[in-house]
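Trainee: Turn this into a structure:
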Amino acid sequence: MALYESEHTKFMRELLAKHPEWDEDKLVGRALLWDRKIDLAEQKAFIEAKQTSRPYPYDVNFEQLPASNGPAAPAINKVEDAPK
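Mentor: The predicted structure is shown next:
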């Protein structure tokens, strides 16, 4: 064990010694957020669905890049062509 133990560490050790049921709650909370199985097919679908974005999307005079996996969005070249 280390020579130095902070006040916070001592406090947490004492608190967990008084309430041992909190260890089970801690594991349940961890499982809820972190201990998950990875679905590789779903992860692959997310990667394939990712589309490139334009460098500055608000410039209506800038030609739009085609989507990486799908139909190309219509390019807006003039302010008159912009949707109203």
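
Trainee: How much space separates A41 from W22?
Mentor: 37 Å (CB to CB, to the nearest Å). From N, CA and C alone the C-beta is placed, and that goes for glycine too.

Trainee: try L16
Mentor: Distance, L16 to W22, by CB to CB: 6 Å.

Trainee: quick check: domain ranges of the protein?
Mentor: 7-36, 43-84 (automatic domain parsing).

Trainee: host element of E48?
Mentor: Element membership for E48 (DSSP states H and E) is helix 40-49.

Trainee: buried sites along that helix?
Mentor: Buried residues in helix 40-49, counted by 16 or more other CB atoms under 10 Å: none are found.

Trainee: what packs against that helix?
Mentor: Packing partners of helix 40-49 (3 or more CB pairs under 8 Å, 6 or more residues apart in numbering; DSSP states H and E): none among the helices and strands.

Trainee: Which of the domains of the chain comes out lowest on mean pLDDT?
Mentor: Comparing mean pLDDT across those, the lowest value falls on domain 43-84: a mean of 66.

Trainee: State the helix or strand in which K37 lies.
Mentor: Using DSSP H and E, no helix or strand contains K37.
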